[in-house]
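Trainee: Next one to model:
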Amino acid sequence: MAFLKSGVSGEPVKLLQAKLGVPVDGAFGPATEAALKAWQTAQGLAADGIAGPDSFAKMGLHELILLSQGTNGEMVKKLQTALGLTADGMFGPGTKAALVAFQQKMGRDADGIAGPDTLAKMPALFPEITPAVVAKSTVDPASVAEDIVGEVEKTVEALAAPAKSLWSRLFGKKA
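Mentor: Numbering: from 1, shown residues only. Here you go, the predicted model:
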C-alpha cells in the first residue's frame, strides 16, 4: 500500500487506526483523517490527512512502506542513496530503472516497486526493515482466497437480486 486516505478500507487502515488510537474498523473516515492530521502536525509533517511512506516510517509501520514511481519524500531519498543515485526525493523513471537493476541483481521480482522485502536487502539505510517486518508485510494466501470467495458470493447474490432500473440508484426506489 502506497498511501492511505479518506475512503480507503482494509487491513492497512486498521493498523493505522490502532497507531492513531481511534476506533479500529478498517474504514478510513473523518475520525481517522482528523487523528492523522493532528498526528502529522505534531510530527512536523504536512497535515494533509494522507498517510504515505514517510508517515508510516515515523509511526513504526514499516510493513506498510511501498515506494513506486510517483512517490516522493524522505523514504525515497533513502532509497535513492542506497541505489547510488542523486537523492532528490522524487521517484521517477531513473529511480525505477536503478531499482529494477538492483532487484534483478538480488534475484528478486524486478517490478520496480520497493516494499519491505526489497528494502530489507539494503540494511545499511533501512535497518528498521527486519525479517519480522517483512513477515508482517506479507499476506497469507488462504486469507486472500477467503476474501475472493466472499466477494464472489456477494457478486452472485447481487446478480440474483431482482432487476432494478438504473435510476433506482439515484432515487433509491424501483423505477
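Trainee: The nearest residue to residue 62 once chain neighbours are set aside: what's it in contact with?
Mentor: In space, and not counting its chain neighbours, residue 62 is closest to residue 133: 4.7 Å by Cβ to Cβ, 6 or more residues apart in numbering. C-beta coordinates here come from the backbone N, C-alpha and C atoms, glycine included. Neighbour list for residue 133: 62-63, 116, 120 [criterion: Cβ atoms under 8 Å, 6 or more residues apart in numbering].
Trainee: Do you know the pLDDT at residue 133?
Mentor: Looking at residue 133, its pLDDT is 76.
Trainee: Got phi/psi on it?
Mentor: Main-chain torsions, residue 133, degrees, to the nearest 10: phi -70, psi -40.
Trainee: before we move on, what about residue 114?
Mentor: phi -100, psi 100.
Trainee: And the helices in this structure?
Mentor: Here the chain has its helices, by DSSP state H, at 11-20, 30-43, 53-59, 74-82, 93-105, 116-119, 131-136, 141-160, 168-171.
Trainee: Deepest-packed of these, please.
Mentor: Comparing the helices of the chain by mean neighbour count (mean count of other Cβ atoms under 10 Å), helix 116-119 ranks first with a mean of 23.
Trainee: Give me the contact list for that one.
Mentor: Residues contacting helix 116-119 (Cβ under 8 Å, 6+ apart): 62-63, 65, 67, 79, 99, 102-103, 106, 108, 126, 129, 133-134, 136-137.
Trainee: rerun at 7 Å
Mentor: 62-63, 65, 103, 108, 126, 129, 133-134, 137 (Cβ atoms under 7 Å, 6 or more residues apart in numbering).
Trainee: what about the protein, any weak spots by pLDDT?
Mentor: 1, 139-175 (pLDDT under 70).
Trainee: Domain-wise, how is it divided?
Mentor: Listed domain ranges for the chain are 11-51, 74-136, 141-171 (source: automatic domain parsing).
Trainee: ok, residue 104 - contacts?
Mentor: residue 110.
Trainee: returning to that earlier point: format the domains of the chain as a markdown table; extra columns: distance to residue 2.
Mentor: Converted to a markdown table, the domains of the chain look like this (distance: least, Cβ to Cβ, whole Å):
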| stretch | distance to residue 2 |
| --- | --- |
| domain 11-51 | 10 |
| domain 74-136 | 9 |
| domain 141-171 | 19 |
